[in-house]
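Student: dropping a prediction and its sequence here:
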Amino acid sequence: MIRANFYQDNNKIQTIEISGHAEYDESGKDIVCAAVSTAIIVTVNAINLVGFIDYIEYVIEEGYFKLEVSKENEILDQLLINLDYTLHDLEKQYPKYIKYQKEE
């Protein structure tokens, strides 16, 4: 199961931690893992493309992703909200394979 945890402060996402494997299907055919991985990569690439990569610290490893906001920005906030929305939506579609949680 993939666990996606979003931690907020003052209603702004400060830390995201995603870990595990969906085990929806075998490696290379797991559409749930692929969807989560793609959402993460697209988000980090977009942050880089718009010039805010220095506003975050992140780690991407096999089965693990962590992002921490070091400097706030409205565009960065919106990109993280989009990732939040995407993973929450995926949890609704695949509740056996993704556990989404948001904490203040």
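Tutor: Okay, I see it.
Student: where does the residue of the chain positioned farthest from its centre land on pLDDT?
Tutor: Here the centre of the chain is the reference, and by Cα atoms, centre = their mean the most remote residue is Glu26, at 21.7 Å. With respect to pLDDT, Glu26 has a value of 89.
Student: my read: Leu90 touches Ile98, true?
Tutor: Yes - counting by Cβ atoms under 8 Å, Leu90 does reach Ile98; the two are 5.5 Å apart. (C-beta placed from N, C-alpha, C; glycine too.)
Student: overlap of the contact sets of these two?
Tutor: Residues touching both Leu90 and Ile98 (Cβ atoms under 8 Å, 6 or more residues apart in numbering): 32, 36.
Student: more neighbours: these two, which one.
Tutor: When Leu90 is set against Ile98 and neighbours are counted by other Cβ atoms under 10 Å, the residue ahead is Ile98, at 25 against 20.
Student: now stretch 62-70: buried residues?
Tutor: 65, 67, 69 (16 or more other Cβ atoms under 10 Å).
Student: for the last one, give its distance to Asp30.
Tutor: Val69 sits 29 Å away from Asp30, taking Cβ to Cβ, to the nearest Å as the criterion.
Student: measure the residue farthest from the centre of the chain to Glu91 for me?
Tutor: Counting by Cβ to Cβ - Glu26 and Glu91 are separated by 22 Å.
Student: what sits against Glu68?
Tutor: Neighbours of Glu68 in contact, by Cβ under 8 Å, 6+ apart: 14-15, 56-58.
Student: could you pull out the helices for this structure?
Tutor: 31-49, 74-93 (DSSP state H).
Student: the longest one: how far from the chain's middle?
Tutor: Here the centre of mass of C-alpha atoms in helix 74-93, compared against the chain's by Cα atoms, centre = their mean, to the nearest Å, lies 7 Å away.
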